[in-house]
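S.K.: Sharing a model that was predicted from the sequence below.
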Amino acid sequence: MAQRRMFSQKVTETDKFLDMALTAQSLYFHLGMNADDDGFVGNPKSIKRMIGASEDDLKALVEKDYLIVFDDGVVVIKDWLVSNYVKKDRYTPTIYTEDMKLIGLDKNKRYQFVSDLEPERNQVGTDLEPERNQVGTEMSPECIQDGDKMEPNCIQSGSKNKNQISSENSQPQQGQGFSSMEPNWNQNGTKMDPQVRLGKDRLSKSKDSLNTTSTTLNSYYKKLESPKSQNELKAFVNELGGDVVAFAITSMFENADRPTFAYLRSIVNHH
């Protein structure tokens, strides 16, 4: 392993980095010094204990989008190739080959999970048929308005009948998850029959929250061109409810410099 490492000011001199605790900043530098030539560190907890950092410092680096943590405990520094360049004659490949298969580079030369890079590959049609990548092609047009809002009758009255829903769910097309989730999203995260109609008094009290939750979920769902991410979002909604997931999405866009699905996943998993 090399004895010299580099750190870019594009990473370490930003307000986001400097706003972290000094112990978290120190941990980042020590992880960088102990990383292999691909930016992987196999003993992050030992390094954390060695310098007197806490588990919260390690979590802060993950939540601030500086590290990726794998199931085996190995971490990789996301901005590794932004800061470091190793000549080919001195380069030693990482031994963590299975973890390496799970990540790729985005357009900014930062490591990301392959699942979060799928939308970029879909744009050139390598993973999905191009016609399936067009927004709205597999979705019910009655429930889409201006690309980011649902028709009031789909939200407020559940006017889609069971035959329509059954027909949509029976089509083995990519993107069908959107329509199959409508009963959950339309009823604010509960599993109510889609034909249940809200009374006028109840509707007047809950209209704003329903519109906000549904708009947030549907708008973000359409941005996820990866079927894997779409299915994972469906699972989050079914498990935690629409309000919780919509709040997490809103928080991500307000606080994250790079609001990726991996960032949303970390928020939901900490819930």
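M.R.: Arrived safely.

S.K.: which stretches of this protein have low pLDDT?
M.R.: Where the chain drops to pLDDT under 70, the residues are 1-2, 118-210, 271.

S.K.: Would you map the strands across it?
M.R.: 40-41, 67-69, 75-77, 103-105, 111-113 (DSSP state E).

S.K.: Buried residues in stretch 28-45, which are they?
M.R.: 28, 30-32, 34-42, 44 (16 or more other C-beta atoms under 10 Å). The C-beta positions use only the backbone N, C-alpha and C, and glycine is treated the same way.

S.K.: ok, of those residues, which one's closest to Tyr96?
M.R.: Tyr96 lies nearest to Phe40 out of the buried residues of stretch 28-45, by C-beta to C-beta, at 4.8 Å.

S.K.: which residues does Arg265 contact?
M.R.: Each residue near Arg265 by C-beta atoms under 8 Å, 6 or more residues apart in numbering is listed here: Glu232.

S.K.: run the last query once more with 10 Å
M.R.: Counting by C-beta atoms under 10 Å, 6 or more residues apart in numbering, Arg265 makes contact with Phe113, Ser115, Asp116, Ser229, Glu232, Leu233, Phe236, Ala248, Met252.

S.K.: Verify the stated contact: Glu63 with Ser251.
M.R.: No - between Glu63 and Ser251 there is no contact under C-beta atoms under 10 Å: 11.4 Å.

S.K.: Look at the two and report which has more neighbours.
M.R.: Between Glu63 and Ser251, Glu63 has the larger neighbour count (other C-beta atoms under 10 Å), namely 17 against 14.

S.K.: mind checking how far that one is from Ala262?
M.R.: Computed with C-beta to C-beta, to the nearest Å, the distance linking Glu63 and Ala262 is 11 Å.

S.K.: Tally up the residues packed near Lys64, please.
M.R.: 19.

S.K.: related to what we said a few turns ago, could the strands of the chain be laid out in a markdown table, adding distance to Arg4?
M.R.: Listed next are those as a markdown table, based on distance: least, C-beta to C-beta, whole Å:
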| stretch | distance to Arg4 |
| --- | --- |
| strand 40-41 | 16 |
| strand 67-69 | 21 |
| strand 75-77 | 15 |
| strand 103-105 | 23 |
| strand 111-113 | 21 |
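
S.K.: looking at those strands, which is closest to Lys88?
M.R.: strand 103-105 (17.3 Å).

S.K.: Just list what the closest one packs against, helices and strands only.
M.R.: Helices and strands touching strand 103-105, as assessed by 3 or more C-beta pairs under 10 Å, 6 or more residues apart in numbering; DSSP states H and E, comprise strand 111-113, helix 114-122.

S.K.: Go ahead and name everything in contact with that strand.
M.R.: Contacts to strand 103-105, defined as C-beta under 10 Å, 6+ apart, come from residues 38-40, 68, 70, 76, 78, 80-81, 110-118, 120-121.

S.K.: Buried members of those into PyMOL, please.
M.R.: Here is the PyMOL command that picks out the buried ones among those, judged by 16+ other C-beta under 10 Å:
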select buried, resi 38+39+40+68+70+76+78+80+81+110+111+112+113+115+116+117+118+120
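
S.K.: circling back to that earlier point, quickly name whichever of the contacts of Arg265 is closest to Thr212.
M.R.: Distance to Thr212 across the contacts of Arg265 (C-beta to C-beta) is lowest for Ala248, with 13.7 Å.

S.K.: so what's the closest one up against?
M.R.: Counting by C-beta under 10 Å, 6+ apart, Ala248 has contacts Thr216, Tyr220, Phe236, Leu240, Tyr263, Leu264, Arg265, Ser266, Ile267, Val268, His270, His271.

S.K.: among the residues you listed, which ones are buried?
M.R.: Taking 16+ other C-beta under 10 Å as the criterion, what is buried in these is Thr216, Tyr220, Phe236, Tyr263, Leu264, Arg265, Ser266, Ile267, Val268.
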